[in-house]
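K.L.:
The amino acid sequence is not available; the structure is as follows:
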Ligand code: ADP
């Protein structure tokens, strides 16, 4: 069976509940009203009958009351067996069968009977007339009461369906209005899913739902807006990453292709082979560095970067990194000056930390002019260690600064052959620092230089292992 919409089901439920209440309320009001009318009618009969009984009892021979011809007031005097003793004119003309006479404790009884002129309400009052038990029957037609109740029923018959119709219309409007954000959400989500899955070069815009209300639906819309924005951001990053990675890989691959095609096109001299193989080797190293970097980042993204928790002296790791970087700097006449506090113990991964320091040292060399100076300093703070790399290089323009930790991001003017080290250095540095629960700060002045500061939490006081001081590892 076809599933009905939520809107329809909510509307039906709403109508059923409200309709049930409406019907119940009308039924209760009707029965209270009908009962009250009957009670009042009975009271009127009693108020007319009781004085007549008193009058008859006080003055037995005088039975003038039966000569009264009051409209809608029928009178009869009966003996206990039901035999009529006297009656009014209208009773004689339209006889009424009052049924068997039976009383409890001599109290009057009321009953509704069918008379010649329609339904009649009868009060039977037992009393004693000259030592003889008799019954006075006083009756009146109930047509006025029935007419009032009939009119009331007619009003209800019109009002209840009208009320239900009105309820249906209001609930349809209200439910529709309440569910419209969900309908809009479904539409936007479907549109987003379609634009994500359909290959298009156009930029995908994050949908925005109206968040005017502060109720559950408003909060749902806000949450979905955030979700849409993050999906789009991740998608953009992914697209950018794929395009940057292919761009980054294309250059070394075309160099490799060019060199090998050149070698294969003809017989070459050994020196030419030597030269081409040197180029090929360089490009292969470059490629493997990118692939390794990507692998490290993907492992870090998955939260799987295995960081050793070894006690080490960070000043020694930093010294090793500087030793590796010194020849790079020397090729450009750049001096690396060190001002390192000694015996700074830290729990961390020696190999990753050395790679981390090399990223900053290599960048400082790459982005500094020849014959400049790089200052490396290490100082211990309260519970942390701060490692600083200050260069006199080109600096980073403000608009690039927020992006330099992104994968393959290059500030304009640094896309030179020299700068082509993979574009992943700072992204990897950030992943390593994050895994060590530290932070990186950058201060830069375009044209004057940059200062990268790595802040790492210090090892607890007196940390050492049974192995004692960590062994120095071979420079790479
Ligand atoms: P790569 O150096 O391979 O391009 P990185 O991730 O190491 O990749 O650096 C990203 C960008 O940050 C660089 O392209 C460069 O524009 C900028 N950058 C990093 N370090 C420095 C620095 N010391 N001086 C100036 N610019 C820098």
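P.N.:
Alright, I've got the coordinates. Source: prediction; values computed, not measured.

K.L.:
Please make it C-alpha for all contacts and neighbour counts, starting now.
P.N.:
Noted.

K.L.:
Near the residue lying closest to residue 407 once chain neighbours are set aside, how many other residues are there?
P.N.:
Once flanking residues are discounted, residue 407 sits nearest to residue 424: 5.3 Å by CA to CA, 6 or more residues apart in numbering. The number of residues packed near residue 424 is 22, by other CA atoms under 10 Å.

K.L.:
and residue 424, what is it in contact with?
P.N.:
Residues in contact with residue 424 (CA atoms under 8 Å, 6 or more residues apart in numbering) are 290, 293, 294, 406, 407, 408, 409.

K.L.:
Specify the local secondary structure of the fifth one.
P.N.:
Right, residue 407. Residue 407 falls in the coil class when you classify it by DSSP: H, G, I helix; E, B strand; the rest coil.

K.L.:
who are the neighbours in contact with it?
P.N.:
With contact taken as CA under 8 Å, 6+ apart, residue 407 is in contact with 241, 423, 424, 426, 427.

K.L.:
For the residue most central in space within the chain, give its distance to residue 179.
P.N.:
Taking CA atoms, centre = their mean as the criterion, residue 220 is the residue nearest the geometric centre of the chain, at 3.5 Å. For residue 220, the distance to residue 179 equals 12 Å [CA to CA, to the nearest Å].

K.L.:
any idea which helix or strand comes after the longest helix along the chain?
P.N.:
Using DSSP state H, we find that the single longest helix of the chain is helix 143-197. For helix 143-197, the succeeding helix or strand toward the C-terminus, using DSSP states H and E, is helix 216-265.

K.L.:
Tell me the helices and strands packed up against that following helix.
P.N.:
Contact partners of helix 216-265 among helices and strands, from 3 or more CA pairs under 8 Å, 6 or more residues apart in numbering; DSSP states H and E: helix 143-197, helix 270-301.

K.L.:
mean pLDDT lowest for which of these?
P.N.:
Here these differ in mean pLDDT, and the lowest is helix 143-197 at a mean of 87.

K.L.:
And for the closest residue to residue 22 other than its chain neighbours, the neighbour number?
P.N.:
Using CA to CA, 6+ apart and skipping the chain neighbours, the partner closest in space to residue 22 is residue 160 (7.1 Å). Residue 160: 15 surrounding residues under other CA under 10 Å.

K.L.:
from what I can see residue 160 touches residue 23, true?
P.N.:
Yes. Taking CA atoms under 8 Å as the definition, residue 160 is a contact partner of residue 23 at 7.0 Å.

K.L.:
Now the longest strand belonging to the chain: average pLDDT?
P.N.:
Taking DSSP state E as the criterion, the chain has its longest strand at strand 118-128. For strand 118-128, the mean pLDDT works out to 91.

K.L.:
Next, the angle strand 118-128 makes with the helix or strand following that strand.
P.N.:
Once the chain leaves strand 118-128, the next helix or strand it forms, by DSSP H and E, is strand 133-141. In terms of direction (axes from the mean of the first three to the mean of the last three CA atoms, to 10 degrees), strand 133-141 departs from strand 118-128 by 160 degrees.

K.L.:
Output the contacting helices and strands for strand 133-141.
P.N.:
On the basis of 3+ CA pairs under 8 Å, 6+ apart, strand 133-141 makes packing contacts with helix 6-58, strand 74-78, strand 118-128.

K.L.:
which of these is buried the deepest?
P.N.:
strand 74-78 (a mean of 24; mean count of other CA atoms under 10 Å).

K.L.:
which neighbours does that one have in its sheet, and in what orientation?
P.N.:
Paired neighbours of strand 74-78 in the sheet (DSSP bridges): strand 84-87 (antiparallel), strand 133-141 (antiparallel).

K.L.:
which one of those lies closest to residue 64?
P.N.:
Nearest to residue 64, of all the strands paired with strand 74-78, is strand 84-87, at 10.5 Å by CA to CA.

K.L.:
Quick check: which ranges of the chain have low pLDDT?
P.N.:
Residue ranges of the chain with pLDDT under 70: 1-3, 199-202, 211-212, 412-421, 459-476.

K.L.:
Enumerate the residues of it near the ligand.
P.N.:
Within the chain, the positions adjacent to the ligand are 363-364, 367, 393-396, 404-405, 409-411, 414, 419-427, 450 by CA under 6 Å from any ligand atom.
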